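> What follows is a predicted structure for the sequence shown.
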Amino acid sequence: MKSTIRDVASLARVSPATVSRVLNNKPVREQTKKRIESAIQKLDYYPNVLAQNFVSNISYHIGVTMTERKGLTAVDQFNPVLLQGILEIAKNKNYSVTLIPFSDVVDKSNLLVDMFRRNAIDGAIVLDPGDNPNLFLEILKYKIPAVVIGRIPNDLPISTVDTDNVEGTYLAVKHLLGLGHKRIAYLSAPLQYMASQDRYTGYQKALAESRIGLESKLVLEAESNFEGGYQGMLQFLAGGFEATAICAFNDAMAIGAIKALQDNKIKIPEQIAVIGHDDLPTSAMIHPALSTMHSPIEEMGAEAAKLLFRNIENPMAAERKIMPVKLKIRQSCGFAKA
């Protein structure tokens, strides 16, 4: 039969309230505490977590929102890598992580707010924030401890973790320019999103510095996954593609573009150089291995979790954390152009 808190109290010769104080790390005389801990060990007692949560108003769960996306493949690894960083910090805090699915066709704030108000989560990390002002307003209205991974409007007092997206694409395009490429195409994610706008700005900045005019026919928007990169590259090729290099919004799109080029017997990097962004694990495994901008994805997840726990334990002003990126040179853009 499972031991109860009353069994522990009886064996330790104290009240159940004193046992509860020890379980909740409240001050108790050292001799009494040792007696209670000994009784807990002898009885193999495990506290009723749900009951403790009800009393303490702490759930020991954090939520991680994730937008439901169709057409994802094993190549689209950004969120799984990010979760590794979040899980590691949560484990160290004795917290569990609850995934909160978001759909583009429903109000994204409802489930997150509902779970917080029911004490099912103590706070949340928001992935794929997108253009979702209602969600941020609800977070602020209900004072939900939250951290966004990505960029949101500067006037919203919510902590964020992101990379320098402008600088990342700027450095990628500068690398291609340094190899002698002058006609560099850009395969963009939908420009309605802030991250897409920032990376596109980096592309424009690098071209402008080299006094190379922007050509609209060398810029194409597609879904930010493998299939989007594949179909986007096919669309480029169908339009009489004349670029010698292509910079993609992320690695998943770059890998999709490489597959489309290979299916059309186009050699990489001899005929077209390709560079991505993020440095997903798959990027080093394909052939040719993908040159890319390394983003510290797992570290971003860990940093977001650290910020969230600081906010849960002691509500604070919003912080903006920008993680550095660096160029990772591999085989997919290794040939200079005359």
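Nice, thanks for sending it over. Computed from a predicted model, the values in this text were never measured in an experiment.
> Can you find the helix or strand of the protein with the lowest average pLDDT?
Ranking every helix and strand in the chain by mean pLDDT, DSSP states H and E puts helix 49-56 at the bottom, with a mean of 52.
> so Lys321, which of the three states?
The assignment at Lys321 comes out as strand when based on DSSP: H, G, I helix; E, B strand; the rest coil.
> ok, now which ones touch it?
Residues in contact with Lys321 (Cβ atoms under 8 Å, 6 or more residues apart in numbering) are 159-162, 303, 307. From N, CA and C alone the C-beta is placed, and that goes for glycine too.
> before we move on, the earlier item: list the buried residues in the helix or strand following the least confident helix or strand of the chain.
Proceeding N to C from helix 49-56, the next assigned helix or strand is strand 61-67, under DSSP states H and E. By neighbour count with 16 or more other Cβ atoms under 10 Å, strand 61-67 contains the buried residues 61-67.
> next one: stretch 166-186
166-177, 179, 181, 184-186.
> still on that earlier bit, could you dump the contacts of Lys321 into JSON lines and include neighbour count?
JSON lines is the format used below for those (neighbours: other Cβ atoms under 10 Å):
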{"residue": "Ser159", "neighbour count": "23"}
{"residue": "Thr160", "neighbour count": "22"}
{"residue": "Val161", "neighbour count": "27"}
{"residue": "Asp162", "neighbour count": "21"}
{"residue": "Glu303", "neighbour count": "21"}
{"residue": "Leu307", "neighbour count": "24"}
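> Grab the two from the residues you listed that are most spread out in space.
Spanning the widest gap among those are Asp162 and Leu307, at 12.0 Å by Cβ to Cβ.
> next one: phi and psi at the most centrally placed residue in the chain?
Compute the mean C-alpha point of the chain, and by Cα atoms, centre = their mean the closest residue is Leu82, 4.7 Å away. Dihedral pair for Leu82: phi -60, psi -40, per degrees, to the nearest 10.
> you'd agree it is up against Pro296?
No. At 10.3 Å, Leu82 does not count as touching Pro296 under the criterion of Cβ atoms under 8 Å.
> Asn25: neighbour count?
Residues near Asn25, counting by other Cβ atoms under 10 Å, number 7.
> Would you check how far apart it and Gly123 are?
20 Å (Cβ to Cβ, to the nearest Å).
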